[in-house]
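Q: when you get a sec, could you give me coordinates for this:
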Amino acid sequence: MSEPRIYIAGPDIYHPQGLEIAETKKALCERYGLEGVVATDFLAGVQFVGKAGDAAALFRERLKIIQGCDALVADLTPFRGPSMDPATAFEMGAMAALGKPVVAYTLDPTPYAERMARFHAEVDETLTRVGPRLVNPAGMVIEDFGLPEATIIAGAALSGGTPIAADFEGALRWVRRQLNDL
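A: Alright, predicted model coming up:
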């Protein structure tokens, strides 16, 4: 029987040492009897030049990879702002829609509402409380569930009964347990 395939979702693809980070994470997967799969696995020799058609092709390829995996481990660490990488959010949703385990970790466990308040303060937009709700100057509600990411994202990670881990290896331990329980 082959090792369960784990899709490793997160913004590492954009990091200058992204390929090395991916290999390190794949090696950790092997230690847990898992096969790590990353977005760049299908890009060998493929040239994209930034056209709209390339985006559609990348989307289709990414979905194929996700569909071929047994579970997903997502990095919720804030990326380019106070929230996670949007592509990772989509990948989590795609895996959840397939009914497969989604496990997450974050290197910044600060509650989402607290990070959003800090961000708004930096751009001179103070958040206020209107009853129990935290709102921005336009009256838009900021989710405040004490979770490290927006509610539906955190909910996807928590829906399998596992906590949001503090690091990648912790998430691997949880995904291993989830797969053993299936």
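Q: wait, Ala156 sits on Ala97?
A: No. Contact criterion CB atoms under 8 Å: Ala156 and Ala97 do not qualify, at 9.8 Å. All C-beta atoms are positioned from the backbone trio N, CA, C, and that covers glycine.
Q: between these two, who's got more neighbours?
A: Ala156 (21 against 10; other CB atoms under 10 Å).
Q: tell me the SS of the more buried one?
A: At Ala156 the chain is in helix, as set by DSSP: H, G, I helix; E, B strand; the rest coil.
Q: residues contacting it?
A: Ala156 makes contact with 92-93, 96, 102, 104, according to CB atoms under 8 Å, 6 or more residues apart in numbering.
Q: measure it to His15 for me?
A: Here Ala156 is placed at a distance of 24 Å from His15 (CB to CB, to the nearest Å).
Q: neighbours of Gly131, how many?
A: Neighbour tally, Gly131, other CB under 10 Å: 5.
Q: quick check: it vs Val102, distance?
A: Distance from Gly131 to Val102, by CB to CB: 32 Å.
Q: same thing with Pro109?
A: Distance, Pro109 to Val102, using CB to CB: 18 Å.
Q: more neighbours: which of those two?
A: Using other CB under 10 Å, the more surrounded residue of Pro109 and Val102 is Val102, with 27 against 14.
Q: give me the local confidence score for that one.
A: Looking at Val102, its pLDDT reads 97.
Q: show me what contacts it?
A: By CB under 8 Å, 6+ apart, the contact set of Val102 is 71-72, 74, 92, 95-96, 156-157, 159-160.
Q: those residues in strands, which ones?
A: 71-72, 74 (DSSP state E).
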